[in-house]
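S.K.: Requesting a structural model of the entry that follows:
(chains A and B, ligands or ions: 1)
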Amino acid sequence: MSTARLEEVRRAFVAELEQAGTSADGVEKVRVKFAGQRSGKLKELAEALRALPNDQKRDYGRALNELKQEIESRLAEAKQAAVTEIRVKDPGTANAKGHAPTVAVGRPVDVTLPGLPVARGAEHPVHIVRRRIEEIFLRMGYDVEAGPEVEDDWHNFEALNIPPDHPARDDQDTFYLADGHLLRTHTSPVQARVMESRQPPIRIVVPGRVFRRDSDLRHSPMFHQIEGLLVDEGITFGHLKATLEAFLHELFSDRVAVRLRPGYFPFTEPSAEVDISCIFCAQKGCGVCSGSGWIEILGSGMVDPRVFEAVGIDAGRYTGFAFGLGLDRVAMLVYGIPDLRQLFAGDQRLTRQFA
Amino acid sequence: MKFEARWLAELLDAAPPAAELAARLTDCGLLVELREQGDGSEVWDVEVTTNRPDAMNHRGLAREAAVATGSRLRPLEFELAENGDEVASLAAVEIAAGTPCSRYVARVIRGVRVGPSPEWLQRRLSNCGVRPINSAVDATNYVLLELGQPLHAFDLGRLRGRRVVVRPAAKGERLTTLDGVARELDPSMMVIADETRAVALAGIMGGAETEIHAGTTEVLLESACFDALSVRRTARRLGMHTEASHRFERGADPEIAAVACDRAAHLIAELAGGELATGRIDVWPRPWQPRRIELSVAALAAFAGLEIPAARVEAILGGLGFAPARSGDTVRVAVPAFRVDVERVADLYEEVLRHVGYGAVPAALPVLPTAPGKRHPNWQLVDRARDAALAAGLAEVVTWSFIDPGADRLVASQPLCPGPAATLANPLATTQSVLRRSLLPGLLSAAQGNLNQGERSLALFEQGRVFAGGAAGPSEPERLGIVLRDDGGDAEARFRRLKGVVEHVGTKVGLPALHWRAGGNPWLDETAGAILETADGRAVGLAGLLAPEIAAHWDLGAGVAVAELALDTATAPPLPRFAALARFPPVVMDMTVEHGSELGYAGLEAATRELAGEHVEGLGFVTRYHLPDGSGRVRTTLRLVYRHAERSLTQDEVNAWHADLRRGLAERLGVGFA
Ligand SMILES: [Zn+2]
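M.R.: Got it, this is the predicted structure:
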């Protein structure tokens, strides 16, 4: 008895298993012959170990163990791949041959045991929100646009009526690169790029990553916005109002009230801050709305004629509106996430909650 | 900014209750953010936007409140008792040619005895967040809160030559400001100087040597208009931000300078005694001319989507100080000096609309062509990648676009590195100072964080951009990064799990056919890493187990599998084409090939496929067994599915084909069969 014998058994096993192919019966026969508890070849080989001289025991034992593992794993694979025939007791109710495996039914299944986990992907809440908002505007005929995150001063500021030394630059503290480029502080530069490249009618939304040099509970040096722009002849403030109402009703609920308040953005005139009635307290006042019953949700306004002039659109002929909101802010609001920076900590426990 | 509600109400002739006043102000764009009880009055925190310096004082806000509530702003009334000498005999003012100061008004009060202000004044200042100092300084601060004009009181006795000059600072000139900081100035900065030295930073802060003190008897009161840009640049250069600079940066009202000077002089004389010199010094080389704008009531209606009666337009603009004059559809206005933000007709539309109320405008959706919206190809691309990763069961994370320079240095050795690093000139922290050139550093930090939280298995991905700088200008290619980690499983099992995910993503995203070439060191383990290449040899990805040194950098144990894919080479995958479904049963045969490790599976599979003939419908990997004899040889089992499109196959013919295949493989590759 030696390792040569082991190899012999292995060859026989491989040949017979190959022969059995995908027949469940065939695989089972091979199993009984080689790995059967009572008279399988492996058992026989194991018994032979005792009879060996001590100096051979170690090598033989190791080789036997490897063979055992190989046979077991290949049997398991073959079994899985095998097409099984249903064994039927009552031919009258038989299924077609080979369409379902035989299931051994012994003791009753505890139906309260947990189900096996399914590998579920989990999208980041910011992107869930982004896609929901894109979808709403796509249905209203808006194109979804994209642009660079590393911008130049013209598109990020000057074309948007924010000249150098404008105090509004204070509110948007900017990261600069060594070569004079900057990280865009909002998605609005894409507006400017689109208007430079084509004439109205223009109907776009622009989601994307933006950067400001600011960090605390409510500010993160990196966050996400979505920006909207509509330019055509005869666009009115009333159109802006209705579009935002339609959007916010779709995003939150038909029951939210929408309020426009005068505000200030350098690139719109007039400008409006937009609030929705608090979705958490029915406007009775709560922590989310700081007791006011209203939640500030986006900024908007009619495109400032200076912006049209900067990008080469006839301000005498066209009017338009623009709006923008923080995707992270919406995600925090709808899912109740307290700290903006938590969204970028890479914690899978956070993402998995929104799977 | 803080306002005292009682003060505001006093400025109106018929103020509504505080709650209503606050609501009306909010409606017209001056958001009353917070109402608190102060000392003897409610104190409001009102958000005044940067374009409205005119409303950063009580009279300015009251002007808005008057229009918003239909009341009237009371006129500013005080009696100026000029009982001293002619001011010109006491002091002189000069604006050096070309200095960005459009007006400088000054008054002189002599014989003052500076002491604490009366209680009513102190209370008012305190309510507005200003600390009372002494009656002269408090008077200037009061006028700032009342009229918005920054003023400065000099101790005239300490001004050498009893004169002030507005001029650029000399190179290297020094000035110790009121806050006690000695500052070195340069010619880009505007100063107020006396005969020999700088005594104040124009529009920002006075100097310590000439400030009002207990022994001061003569006061020179400055009320000037300094250029916004000049003040802003100097304040920024010196890292200063004061009440004065805040206002000058946003634009000063040239007309109010004289009124404010009178008002403060009146208060100082009243509070600190003394005689007010007769007349004021007023250096105003080019007096201000109002801007005139015309507005069409019909055009306003078309722009707003709301008819607004001409009388209402006039009333609003009149109340705001625009002196409107209407003829027919046209309203002509003269923009008041305090409205530095109003330049064109769109600005007037806003004035009218915000007082009519945005709520009054009827909402009407625009009627536009019904063309469906399209998504930019880049969004289609990245969301294909995102969806593929999600379908593979991965959890998405979003990590910082800027990383630590130490981590970035490691990235330089990656085959996917997009170019020279782009560095932030003004990072928040050094640990976030380089724009990432790979998604892996962020993902590995995330992996580390998750493991520290006791997570055992990780399946993370991030989709986002990486960045490169350099002479060619910035680039920001899209990437997908993956991190997988499980308990258990050998290197091969971990690698194959990762490869399964990568192959799935590659197909779904539409990456070109990928060739897996062993490599990726030093990022990937020498024995379990691959570079993914296109047919023309371009690296578009890397995948494998992390090299121990890289894992150690992020304090990760062994067995972490990572991949990064460059998405830019992808094209939308074509629509699948239906293939006829086979009708006859298959014959499944396994084949175990013994070969040396120099023959990779890909080579074996390719040869098998080629030699197998037309009736092999499927070919797959079953298992691999490493011979324990130290030879390094392996046994690879393949599963072949034979099937004929038109008839059932017999075992005999399949056996014959199978035997041919074995012979062919033995000849071509020199392999054996178990
Ligand atoms: Zn609430």
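
S.K.: How about the residues of the stretch 151-300 of chain A by the ion?
M.R.: Within the stretch 151-300 of chain A, the residues that sit near the ion (CB under 5 Å from the ion) are A:Cys278, A:Phe280, A:Cys281, A:Cys286, A:Val288, A:Cys289. Quick note: C-beta positions are derived from backbone N, CA and C, even for glycine.

S.K.: pretty sure the fourth one contacts A:Ser292?
M.R.: No: when contacts are counted by CB atoms under 8 Å, A:Cys286 is not listed as touching A:Ser292 (9.6 Å).

S.K.: overlap in contacts of the two?
M.R.: Jointly contacting A:Cys286 and A:Ser292 under the rule CB atoms under 8 Å, 6 or more residues apart in numbering or on different chains are A:Cys278.

S.K.: ranges for the helices of the stretch 101-250 of chain A?
M.R.: For the stretch 101-250 of chain A, the helices defined by DSSP state H, counting those that start in this stretch occupy A:125-139, A:153-156, A:168-171, A:188-197, A:237-251.

S.K.: Repeat that for the stretch 551-674 of chain B.
M.R.: Using DSSP H, counting those that start in this stretch, helices in the stretch 551-674 of chain B cover B:601-612, B:651-669.

S.K.: how many neighbours does the closest residue to the ion within the stretch 101-250 of chain A have?
M.R.: Nearest residue of the stretch 101-250 of chain A to the ion, counting by CB to the ion: A:Leu248, 15.8 Å away. A:Leu248 has 21 neighbours, counted by other CB atoms under 10 Å in any protein chain shown.

S.K.: Find the nearest non-adjacent residue to B:Gly603, please.
M.R.: Of all residues not flanking B:Gly603 in the chain, B:Leu669 sits nearest, at 7.5 Å (CB to CB, 6 or more residues apart in numbering or on different chains).

S.K.: and the residue in the stretch 1-150 of chain B positioned nearest to chain A, how far is that from B:Asn521?
M.R.: For the stretch 1-150 of chain B and chain A, the shortest gap (CB to the nearest CB) falls at B:Gly29, measuring 2.8 Å. Distance, B:Gly29 to B:Asn521, using CB to CB, to the nearest Å: 62 Å.

S.K.: more crowded one of these two?
M.R.: B:Gly29 (27 against 17).

S.K.: Am I right that that one is in a strand?
M.R.: No: read with DSSP: H, G, I helix; E, B strand; the rest coil, B:Gly29 is coil and lies in no strand.

S.K.: Model confidence for it, exactly?
M.R.: pLDDT for B:Gly29: 92.

S.K.: contacting residues for it?
M.R.: A:Arg261, A:Pro262, A:Gly263, A:Tyr264, B:Thr49, B:Arg354.

S.K.: Okay, domains of chain A per the record?
M.R.: Annotated domains of chain A cover A:3-84, A:86-116, A:125-354 [automatic domain parsing].

S.K.: Out of those domains, which is the most enclosed?
M.R.: Counting by mean count of other CB atoms under 10 Å in any protein chain shown, domain A:125-354 has the highest mean neighbour count of the domains of chain A, with a mean of 20.

S.K.: which helix is the longest one in chain A?
M.R.: helix A:54-81 (DSSP state H).

S.K.: and that one, how far from the chain's centre?
M.R.: 43 Å (CA atoms, centre = their mean, to the nearest Å).

S.K.: Kindly report the same for stretch A:42-51.
M.R.: Relative to the mean C-alpha coordinate of its chain, stretch A:42-51 is positioned 55 Å out (CA atoms, centre = their mean).

S.K.: quick check, it touching chain B?
M.R.: No: for stretch A:42-51, no contact with chain B is found by CB under 8 Å from any CB of the partner chain; the gap never falls below 15.0 Å.

S.K.: Alpha carbons of that stretch, as PDB, please.
M.R.: Presented in PDB, the C-alpha positions along stretch A:42-51 are these (Å, rounded to 0.1, in the frame of the first residue of the first chain):
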ATOM      1  CA  LEU A  42     -11.600   6.400   0.800                       C
ATOM      2  CA  LYS A  43     -12.600   4.400   3.900                       C
ATOM      3  CA  GLU A  44     -10.600   1.500   2.600                       C
ATOM      4  CA  LEU A  45      -7.600   3.700   1.900                       C
ATOM      5  CA  ALA A  46      -7.900   5.200   5.400                       C
ATOM      6  CA  GLU A  47      -7.900   1.700   7.000                       C
ATOM      7  CA  ALA A  48      -4.800   0.900   5.100                       C
ATOM      8  CA  LEU A  49      -3.000   3.700   6.900                       C
ATOM      9  CA  ARG A  50      -2.800   1.700  10.100                       C
ATOM     10  CA  ALA A  51      -0.900  -1.100   8.400                       C
END
